[in-house]
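got a predicted structure plus its sequence, pasted below:
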Amino acid sequence: MTRLITSGFSHFILFIGILIMIVPVWMIFASSTHSGLTINTQGLQMFLGDSFYENYLRVLLYEGGFFKEITALKMFLNSFIMATGVAILSVITSLMAAYALVYYRTKYATLLFWIIFVTILVPLELRIFPTYSVMAELNLVNSYFGLIVPISASAIATLFFRQFYKTVPDELLESAKLDGANTWRFFVDFLVPLSKTMIVAMLIFMFVFGYNQYLWPLLVTSSEQYWTVVMGLKMMSGSIVHRFAFVMMSMVPPILIIIVLQKHFIKGVFQDK
Amino acid sequence: MSFLDLKNVTKIYPNGTKAVHETSLSISEGEFMVFVGPSGCGKSTLLRMVAGLEDITEGDINLDGQLINEVDPSERDVAMVFQNYALYPHMNVYNNLAYGLKNRGIDKETIEQKVNDAAKLLQISDFLQRKPSMLSGGQRQRVAMGRAIVRNPKIFLFDEPLSNLDAKLRIQMRLEIKKLQQKVGVTSIFVTHDQVEAMTLADRLAVINNGIIEQLGTPIEIYNNPESLFVAGFIGSPQMNFLDANLNNKTLSAENFEIKNIDSDYNGEVTLGIRPEHLIESENGLINLKVELVEQLGSDNLVYGQIKNIKDFCYRSPGNQIIKKGDTLSLNIEENKYYIFDKSTGKRVN
């Protein structure tokens, strides 16, 4: 009986927690399907209206900005390119950096690692002006390259891969060596496939990180052509229902990425065990 | 002609530990050599130097007439079976076997042929598509050996490959390794700390202690004629009994018995070694053993007891004999079946 009560109570708390998280999102979604007039006269809505297609299509295709050069669709494309670029580039650099740190057995590997690690304490916001001036010197302002590269070295991903490599038994390397694998082959044939699940996890992590960037894209792009979704959230003007619709859509890519890649994530975990 | 030749090979680790001292050894083609010794004696280091996984501090290693000191492990044409097998967890059995061949640029059909032949030999044909995690310990062991065989290397190196298996499987795999080696005829070095494994597998045995080969010979030579106290204690199961004694003018006097006319000119403090299986019961025997514990193995009994102040003295008696705790047995040593060692140096003196 007491077990039933405790279990019921904990479920009640969980339920409240879910409500707190879901209700605002639902309200925004429900409101975004009404006309602007309804929202202005009757406030936020709890139930779906009939202006879904109208509102969402208008937001996607509306040409915004001062020069009318950008649509929400283009912002999604920009954000997707940036987030994907950051995810792929940072996973590649981290994989290779961790490989060098663990397997090249240089005298100062540990010191080097800590130097890399310390960069976590120096976020982009702190080094934003020098970073900007480097990009400006290289003529990379207003380019995807400029959006992606400066935030694509991840000390955290390097840390994760390094810790993983350290758990790979030495015998594996030795055995591969005797089987004629050179340094590069060992990396490609062994470490990369073995860290598959971690690569997927880091891809998700870095994709969301890249997608969520606000300050850096704001600074490095002056052309509306390169606006990203998160910038658009701020820049968006017009009716409240259109903003709501945009907010709803901006949540979709990260959620989608997590749902899609989590399948592989779990599959990888079960195959290896 | 010797196939693998170690000349004054020494290994000193960067922290100053001397793992292997000026070791010289020749192994002829097709021979099964076993390195045996307690853990940390340098036997694995020696093996790893042959494989190229450890640098050689001093000395030369020649394999098949070629100096291989500086040759990369991948170029040495040696294959190794590791203690934890080191199978490639993300590859199926087929690819585990094929990987080394692929790296050598062998064409696909030949690889398939070789892998299938090796799989057949080791009876792992049914598991070729499985991942190592789906195999039992014994099957993994076979795959590890398959990976070595398939490359047809100059030499097989085994680094305690049986120590992760349960007792029954270990005995079975031991037999299979021996059979396989005889069939394939590849020169092999097998490292183990298990003296039974060493005795049963070896054509020749190197007993290693503290980085030095204490004795080199066929298993039976070493069993019958241990040259030092260490070898005598290490080879043979149950262990040889040791008693303190004095040797003077060819007469050995232990605590409560004497042996006369000993074939040795040494005088001084010695250790007398007697194997449990070299004792026989007889009236008025030299040794009176007060029985404290009997281990019945069926085929024979291991009787542990006390002689005066010496505890855990072991005697192996026939299995059909009934011995109880508290009995006193009168034992004699079989003719000349005792070993006398200089107490200070551990060297054999008779």
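Here it is on my side, so go on.

ok, and what's touching stretch B:320-339?
With contact meaning C-beta atoms under 8 Å, 6 or more residues apart in numbering or on different chains, stretch B:320-339 is reached by B:226, B:232, B:240, B:259, B:272-275, B:278-294, B:301, B:303, B:305, B:315, B:317, B:348, B:350. Using the backbone N, CA and C atoms, a C-beta is placed for each residue, glycine as well.

residue contacts, residue 198?
With no chain named, the answer covers chain A. Neighbour list for residue A:198: A:160-161, A:164 [criterion: C-beta under 8 Å, 6+ apart].

try chain B instead
Going by C-beta under 8 Å, 6+ apart, residue B:198 touches B:34, B:36, B:190, B:192, B:205, B:219, B:235.

ok, what's across the strand from the first one?
If I follow you right, that is residue B:34. For residue B:34, the beta-bridge partners under DSSP bridges are residue B:190, residue B:205.

per-residue pLDDT of it, please?
On pLDDT, residue B:34 comes in at 96.

try the fifth one
Per-residue confidence (pLDDT) for residue B:205: 94.

can you count the residues close to it?
For residue B:205, the count of nearby residues is 27 (other C-beta atoms under 10 Å in any protein chain shown).

please apply the same query to the third one.
By other C-beta under 10 Å, the residues close to residue B:190 number 28.

state the distance from it to residue B:170.
Plainly put, residue B:190 is 13 Å away from residue B:170 if you go by C-beta to C-beta, to the nearest Å.

could you do residue B:11 as well?
Taking C-beta to C-beta as the criterion, residue B:11 is separated from residue B:170 by 29 Å.

looking at the chain, which helix or strand is least sure?
With no chain named, the answer covers chain A. Within chain A, no helix or strand scores below helix A:240-272, which has a mean of 79 by mean pLDDT, DSSP states H and E.

please refer instead to chain B.
For chain B, using mean pLDDT, DSSP H and E, the weakest element among its helices and strands is strand B:258-259, scoring a mean of 86.

the contacts of stretch B:320-339 in helices, which ones?
Of these, the ones assigned to helices by DSSP state H are residue B:232.

quick check on the contacts of stretch B:320-339: which are buried?
B:226, B:232, B:240, B:259, B:272-275, B:278-279, B:285-289, B:291, B:294, B:301, B:303, B:305, B:315, B:317, B:348, B:350 (16 or more other C-beta atoms under 10 Å in any protein chain shown).

in the stretch 51-200 of chain A, where is pLDDT below threshold?
A:65-66 (pLDDT under 70).

same check, this time on chain B
B:1.

could you point out the longest helix in it?
As assigned by DSSP H, the longest helix anywhere in chain B is helix B:167-184.

pick out the residue nearest the middle of chain A.
Centroid-nearest residue in chain A, with C-alpha atoms, centre = their mean: residue A:208, separated by 1.2 Å.

which ones are touching that residue?
Residue A:208 makes contacts with A:83, A:254, A:257-258, as judged by C-beta under 8 Å, 6+ apart.

what do you get for residue A:29?
A:244, A:248.

so what pLDDT did it get?
Looking at residue A:29, its pLDDT reads 93.

picking up where we left off before, which among the contacts of residue A:208 end up buried?
Buried among the contacts of residue A:208 (16+ other C-beta under 10 Å): A:83, A:254, A:257.

check these against chain B, which are close?
Among these, no residue sits close to chain B (C-beta under 8 Å from any C-beta of the partner chain).

dump those residues into TSV; add distance to residue A:29 as well.
Putting these into TSV (distance: C-beta to C-beta, whole Å) gives the following:
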residue	distance to residue A:29
A:83	23
A:254	16
A:257	20
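
distance to residue A:72 added to the contacts of residue B:198, as JSON lines?
As requested, the contacts of residue B:198 are arranged in JSON lines below (distance: C-beta to C-beta, whole Å):
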{"residue": "B:34", "distance to residue A:72": "74"}
{"residue": "B:36", "distance to residue A:72": "75"}
{"residue": "B:190", "distance to residue A:72": "70"}
{"residue": "B:192", "distance to residue A:72": "70"}
{"residue": "B:205", "distance to residue A:72": "79"}
{"residue": "B:219", "distance to residue A:72": "82"}
{"residue": "B:235", "distance to residue A:72": "82"}
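
which pair of these spans the longest distance?
The two members of these with the most space between them (C-beta to C-beta) are B:190 and B:235, at 15.3 Å.

residues bridging contact with residue B:190 and residue B:170, i.e. touching both?
Both residue B:190 and residue B:170 are in contact with residue B:197, where contact means C-beta under 8 Å, 6+ apart.

next, residue B:252: secondary structure please.
Following DSSP: H, G, I helix; E, B strand; the rest coil, the label given to residue B:252 is strand.

try the one 4 residues further on
For residue B:256, the reduced secondary structure class is coil; criterion used: three-state DSSP.

can you get me a residue count around the nearest residue to it once chain neighbours are set aside?
Once flanking residues are discounted, residue B:256 sits nearest to residue B:308: 5.7 Å by C-beta to C-beta, 6 or more residues apart in numbering or on different chains. Number of residues near residue B:308 (other C-beta under 10 Å) recorded here: 13.

next helix or strand past the host helix or strand of residue B:100?
Using DSSP states H and E, residue B:100 sits in helix B:93-103. Under the assignment DSSP H and E, the closest C-terminal helix or strand after helix B:93-103 is helix B:108-122.

that following helix - contacts with which helices or strands?
helix B:93-103, helix B:137-149, helix B:167-184 (3 or more C-beta pairs under 8 Å, 6 or more residues apart in numbering or on different chains; DSSP states H and E).

check contacts around the residue of the stretch 151-300 of chain B at minimum distance from chain A.
Proximity of the stretch 151-300 of chain B to chain A (C-beta to the nearest C-beta) peaks at residue B:151, 7.7 Å away. Each residue near residue B:151 by C-beta under 8 Å, 6+ apart is listed here: A:179, B:77, B:79, B:100-101, B:104.

turn the contacts of residue A:208 into TSV, including distance to residue B:63.
Listed next are the contacts of residue A:208 as TSV, based on distance: C-beta to C-beta, whole Å:
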residue	distance to residue B:63
A:83	54
A:254	58
A:257	54
A:258	54
